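S.K.: need the 3D shape of this:
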Amino acid sequence: MRRWLAGLVLGLLVVLALALGPAGRSAAQQSPSLTADAHDMALVGYDDLQARSAYQPVIYHQGSRWIAYVGHHGGSAPNPLTGDVQPNGTSIVDVTDPHAPRYLYHIPGAPGGPESGGAQMVRVCDGRDLPRGDPAKTYLLRTFGTTAHQIWDVTDPSQPSLLTVVVDGLTDTHKSWWECDTGIAYLVGGSPDWRVRRMTQVFDLSDPTAPRLIREFGLVGQEPGAHGAIPPQVHGMIRAGNRIYFAYGTSQDGLIQIVDRDKLLNGDPAPTPDNLRYPEISELAMGPSRGAHTTFPVLGMPMSEFRHNTQGQTADFLVVTGETVPNACQEFQQMVYFVDISAEATPFSVSNFHVPEASGNYCDRGGRFGSHATNESFDPIYYGRLVFVSYFNAGVRAIDIRDPYAPREAAYFIPAVTPNTDQRCAEIDGVEQCKVAIQTNNVEVDDRGYVYIVDRANTGMHVLELTGAARQIANFP
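M.R.: Residues are numbered from 1 along each chain as shown. Model (predicted):
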């Protein structure tokens, strides 16, 4: 009853704020999404994240608390905790009580626009897990605009302090991966002598105070001194066991690369074509109009349809999302693909998932419509059962993946716009059209089963939970 009442009060407050409306915004501009739209997913809590454009949330169980670390796109906004206008950086929010998130601190990022400033990427590790970390400390790895990667001491998340600049002088940065059990980090950046803005630098961060570069890595044709066509640049990667799954080309010319981790770490680091090919197990080109933004491995899936067969009773898959980029459907619609990697040398796509445009007239709502990213948690509550995909103006979609050959939607939540929600513009038939639109950007879950979505258009962070039949799919303890 307490949870239900809290959700009701929060919903009424949002509706009241929408009724008042921001100054200078017409009723027509506000009309696309005045109230949340949901199926088998309910709002639990909310924080406006100081009206900053948000990219990546990481929810970390830190001592007795759960802390949300949220990376932001570039821009600036007032920080009510200090009274200063600060460049967008990293929000730190206590979500121990998910019904009442409490904003703790904002770490300013780099000045600049949406893709040049801010601090989009965040990862967190405890010192007791890192081989050479201080067991009393908790560390935050983040980008600093397009030029650097930093490590912050967030042992007290209300008083973070800069600890180390891992690398600086880069041409770009983006979504990296940090192994807390080994300290190995795969940092997306751009060495000035490489032919792409984004490639991979592998660092040993087992001692966060003493970063050590292991090697630089990318696709053949991207390395210094290469000639000819340049393959698509990396977006990010996820490690599982002795495999690293790379995604290249977010919205076109997408490519998946499966890499042997041991060979990557121990092979000759000189960036020659042979050395770059050495750790590679396979590649899969997605096609000129299909992107690869996130590659989420779902391994050891029991295939109930084939349980009586002598082979194929289990299988391994990658859930691959492309990223929609232009507003108002001014490109090929990006989707979610399920790639069978049971035979790693020959991956192949077996199915896809997309939200039907007509189900919500999404191309007319403003902003981007299409897939963006999956959650990245391997927690057994959802792993192998449900994957959550951010879908911009179509909110977050929960996909039942128990049969990867026939994925289906189990639940969704599209937040209401608020006075902070920014408009998005597109040129259509030679005329610029601007509309206020929800832009659910990224999604994550915690080991209590709560779902967190953050918004690209300044709407904030919503804490959600599954209800109804969708909740029955999950493996709650």
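
S.K.: outline the domain layout of the chain.
M.R.: 1-46, 293-408+421-435 (automatic domain parsing).

S.K.: for those domains, which has the smallest mean pLDDT value?
M.R.: Sorting the domains of the chain by mean pLDDT places domain 1-46 lowest, at a mean of 55.

S.K.: before we move on, back to that, in JSON lines: the domains of the chain, plus distance to F476 and mean neighbour count.
M.R.: All C-beta atoms are positioned from the backbone trio N, CA, C, and that covers glycine. Below are the domains of the chain laid out as JSON lines (distance: least, CB to CB, whole Å; neighbours: other CB atoms under 10 Å):
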{"stretch": "domain 1-46", "distance to F476": "14", "mean neighbour count": "15"}
{"stretch": "domain 293-408+421-435", "distance to F476": "6", "mean neighbour count": "19"}
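
S.K.: turn those into a markdown table, columns for distance to D172.
M.R.: Listed next are the domains of the chain as a markdown table, based on distance: least, CB to CB, whole Å:
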| stretch | distance to D172 |
| --- | --- |
| domain 1-46 | 32 |
| domain 293-408+421-435 | 16 |
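
S.K.: gap between the two ends of stretch 279-295?
M.R.: 18 Å (CA to CA, to the nearest Å).

S.K.: identify each buried residue in that stretch, please.
M.R.: For stretch 279-295, burial by neighbour count (16 or more other CB atoms under 10 Å) applies to 279-280, 284, 286, 290-295.

S.K.: let's see which of those residues end up in helices.
M.R.: Using DSSP state H, no member of these sits in helices.

S.K.: which one of those sits closest to T346?
M.R.: The shortest approach to T346 among the buried residues of stretch 279-295 belongs to L284, at 8.8 Å (CB to CB).

S.K.: from Q257, how far off is the closest one?
M.R.: 8 Å (CB to CB, to the nearest Å).

S.K.: and the two most separated of the buried residues of stretch 279-295?
M.R.: With distances taken as CB to CB, the most widely separated pair in the buried residues of stretch 279-295 is P279 and R290, at 24.6 Å.

S.K.: quick one: the helices in the stretch 251-400 of the chain?
M.R.: Under the criterion DSSP state H, counting those that start in this stretch, helices of the stretch 251-400 of the chain are mapped to 261-266, 273-277.

S.K.: can you check the stretch 1-150 of the chain too?
M.R.: 2-20, 27-30.

S.K.: N352 contacts V339, correct?
M.R.: No: using CB atoms under 8 Å, N352 is not in contact with V339; the gap is 10.0 Å.

S.K.: give the other helices and strands that the helix or strand that contains A185 contacts.
M.R.: Using DSSP states H and E, A185 sits in strand 184-189. Identification of packing neighbours for strand 184-189 by 3 or more CB pairs under 8 Å, 6 or more residues apart in numbering; DSSP states H and E yields strand 161-167, strand 177-178, strand 199-204, strand 234-240.

S.K.: tell me the one of the buried residues of stretch 279-295 nearest I381?
M.R.: Taking CB to CB as the measure, I381 lies nearest T294 of the buried residues of stretch 279-295, at 19.4 Å.
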